[in-house]
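Chemist: Just to be clear, the model below is a prediction. Sequence and coordinates:
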Amino acid sequence: MMRFIRSAFVIGRRDFTATVLSKAFIFFLLGPLFPLLFGGIFAGIGTNVASQAKRPVVAVISPKAEFDQLQAARGRIAEAVGEEPLIDLVGYRPEADLGAQQKRLLATRQPPVRAVLSGGLNHPKLVGALAGDPGTESQLKLLIAEARAADSSNPPEFEVTNVAASTGTIVRDRALTAQIAQVTLFLLTLMLSTMVLSQLIEEKSNKVIEIIAAAIPIDAMFVGKLFAMLAASVVGLVVWISAGALFIQLIKTGGVATLPVPAVGWPVFLALGVIYFAMNYLLFGAAFLMIGAQASTAREVQTMSMPVTFGQVLIFGFASTVVGSMSSAKAIAASVFPLSSPMSMLARAAQDGAIWPHIVAIAWQTLWVALIVRLGAQLFRKTVLKSGPRRPWWKLSRA
Amino acid sequence: MLRKASSGLLAVEAVDLVKDFNETRAVDGVSLAVPTGSIFGLLGPNGAGKTTTLRMLLGIIDPSSGTRLVLGRDRPLDAAPEIGYLPEERGLYPAMQARDAIAFMGALRGLPIAEGRRRADALLDEHGLGEWKKKSIRSLSKGMAQLVQLLGTIIHKPRLLVLDEPFAGLDAINQGKLEELIRREARAGVTIIFSTHVIAHAERLCEEIAIIAKGKVVFDGRVDDARAKLRPIVRLRTRARDGEWRSAIPGNARREGDEYVFELPEGGPEPLLKALIDGGAGIETLAIERPGLHDAFVAIAGSAAARAMGQEKPQ
């Protein structure tokens, strides 16, 4: 056993240093920045496009006083529901030829007018391309009614007492935490499984694998590789969590203390996050290594790993049923099924304070990790150094 | 414990090893006995089953049937710290420094990494690669990288060295250096098994050989015994063209220019010489040559195997 551990350590140390001390690791550490950056850019563009495309502009032909009344009414409604869903109003003085003015306004591109309102507050008439857009007409009715109401500008005063959180906000925030934690776990595992796979391909193409297989038990190599990547990713996690906390501390008033606290509390949640990440990674990493052992080229690996990646996405979807409905039969099944258990239990930790289910789940997952790693190592050993003609995959178990 | 052979202890003993890959039998009942401290050559053409046999002996793959005992252990990996292995396809991490690559190979065999680095520095200095110890493998020439891998094979001072086609890809100078290194290790008591398809290397280095053809051992024993399977060859040139002496020359003798070439008759050289002298043949030149290992190989493994072996000439 000591020799097994020592051998796994030799492989793990080599892989860990080769990974962490490589230039590529800097890109790995910067990895999370790219989705955030691109997300921000595309969200910005999307919002801009959406605001341009979705907020209709209505040209209002009326005296200034009436237009001001309408704008004031719009302002009051915007206070309650926000600017985003409301139509935009642009005022124009009435001209002698109303028909011609309406035509010209509907043809104008700056601003892109969807409809023209005339006749003032008492006899409103709406002309425009409104088929399929009942919202604009309804909003105008509401705005006109609001503008007509004399006492709307004096809303009733009442006392408001603000508390830090209510059941509604806690549930919402914790569900959000659960969702973010699950997505992070899923993406990280996907990324690392692919990395461990490419390391194996490197080993095969370098022919180092035969030297290793002649010197140590091949399962020790399997375990060493898995844990090296795990250790490298824990380094990444520590860097990302610290950088994230620092960033929040800098930009958010009150810093990390204002973040919604998961049900089990931050320290336990982070500890569980690392444990569940390790379990999830070991389960999927072992599967990917098994695949890597069958393939001899990077192209073969890509082809073979695609179904597993799809499977991973399905399992992620299954695990996400825990968010918001922890007690449903599907959510419990997702917590019990070994491959979805780590992701679903992490979401549970965000939403439910009970610790004992995690102790049970970790023991259960450990059992499955041991089984899958063992099976993976055996299959790996049987196939990784096989010479002679290739055997079809359905006969591998008899190799 | 090592098993005792008739001539001493055995470092490696394999009995009836068989390896099947699907429907293909790569190794078919190979039995070997490698005495401790010997240089043992595994000869055979490409695809004969040499590498598969070595991989089974080292425990890289398991045999389909048969047993093997390596340094007294039936699980070869248990003896791994005492074995050095140079595979046919050389493999090193390109980004690793030369000294780290050597130390890593030692660490795989149980040598502490710090001690490995210390020994690696000394070995690299000794072999003229002192300046390259901190250079990455990818910056070394192919010959240098092969030497680095060979040093990694002996860094942990193994008792058994297994070298699979060690001369492949080396130039004449490096082949000579490698031969010297093998002899030096053997003098230090290390058992060396190497496979080759170049007969000249086996002839120069080995005390014992096994010839493998199509997965079977067709000869296993001393090089002299292999040679002894053939009669010595006589090359004779006479001044006289014809005479009674011609009856002393075997009927299957062939002419090569002015020379008769034939196997030495069973009776030995004396009756032949007497008949030539008494018959007035006028011996101009007479040479009795011991058959080479190549001739023995042709006789044992067949000319097809020999042709396959001859595809790469020694330098």
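Modeler: Received, thanks.
Chemist: Tell me how far the closest residue to chain B within the stretch 1-150 of chain A lies from residue B:150.
Modeler: Minimum separation of the stretch 1-150 of chain A from chain B (CB to the nearest CB) falls at residue A:10, amounting to 4.7 Å. The C-beta positions use only the backbone N, C-alpha and C, and glycine is treated the same way. Distance from residue A:10 to residue B:150, counting by CB to CB, to the nearest Å: 20 Å.
Chemist: what's the answer for residue B:202, then?
Modeler: According to CB to CB, residue B:202 and residue B:150 sit 18 Å apart.
Chemist: and what of residue B:24?
Modeler: 31 Å.
Chemist: For these two, indicate the residue with more neighbours.
Modeler: Legend: neighbour count by other CB atoms under 10 Å in any protein chain shown for residue B:24 and residue B:150, higher for residue B:150 (25 against 11).
Chemist: And the more buried one, its phi and psi?
Modeler: Per-residue torsions, residue B:150: phi -70, psi -40 (degrees, to the nearest 10).
Chemist: list the contacts for it?
Modeler: By CB atoms under 8 Å, 6 or more residues apart in numbering or on different chains, the contact set of residue B:150 is B:86, B:166, B:178, B:181.
Chemist: Residue B:167: how many residues sit nearby?
Modeler: Residue B:167: 22 surrounding residues under other CB under 10 Å.
Chemist: so it, which of the three states?
Modeler: Using DSSP: H, G, I helix; E, B strand; the rest coil, the structure places residue B:167 in coil.
Chemist: Against residue B:251, how distant is the nearest residue to it once chain neighbours are set aside?
Modeler: Nearest non-adjacent residue to residue B:167, counting by CB to CB, 6 or more residues apart in numbering or on different chains: residue B:175, 5.1 Å away. Distance of residue B:175 to residue B:251, computed by CB to CB: 42 Å.
Chemist: same deal with residue A:226?
Modeler: As judged by CB to CB, residue A:226 and residue B:251 stand 72 Å apart.
Chemist: out of those two, which sits in the more crowded spot?
Modeler: Neighbour totals were compared for residue A:226 and residue B:251, and residue A:226 leads with 27 against 6 (other CB under 10 Å).
Chemist: residues in contact with the more buried one?
Modeler: Listed by CB under 8 Å, 6+ apart, the contact set of residue A:226 reads A:196, A:281, A:282, A:285, A:286, A:289, A:373.
Chemist: any chance of the residues you listed in TSV, plus pLDDT, distance to residue A:77 and secondary structure?
Modeler: Shown next, in TSV, are the contacts of residue A:226 (pLDDT from 0 to 100; distance: CB to CB, whole Å; DSSP: H, G, I helix; E, B strand; the rest coil):
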residue	pLDDT	distance to residue A:77	secondary structure
A:196	72	56	helix
A:281	86	51	helix
A:282	85	55	helix
A:285	81	54	helix
A:286	78	58	helix
A:289	74	59	helix
A:373	78	61	helix
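Chemist: which one among those gets closest to chain B?
Modeler: Of the contacts of residue A:226, the one sitting nearest to chain B (CB to the nearest CB) turns out to be residue A:196, at 16.0 Å.
Chemist: Looks like that closest one contacts residue A:284 (just checking).
Modeler: No - applying CB atoms under 8 Å as the test, residue A:196 and residue A:284 come out as separate, 9.4 Å apart.
Chemist: okay, now residue A:311: neighbour count?
Modeler: 13.
Chemist: Likewise for the one 5 residues further on?
Modeler: Using other CB under 10 Å, residue A:316 has 21 other residues around it.
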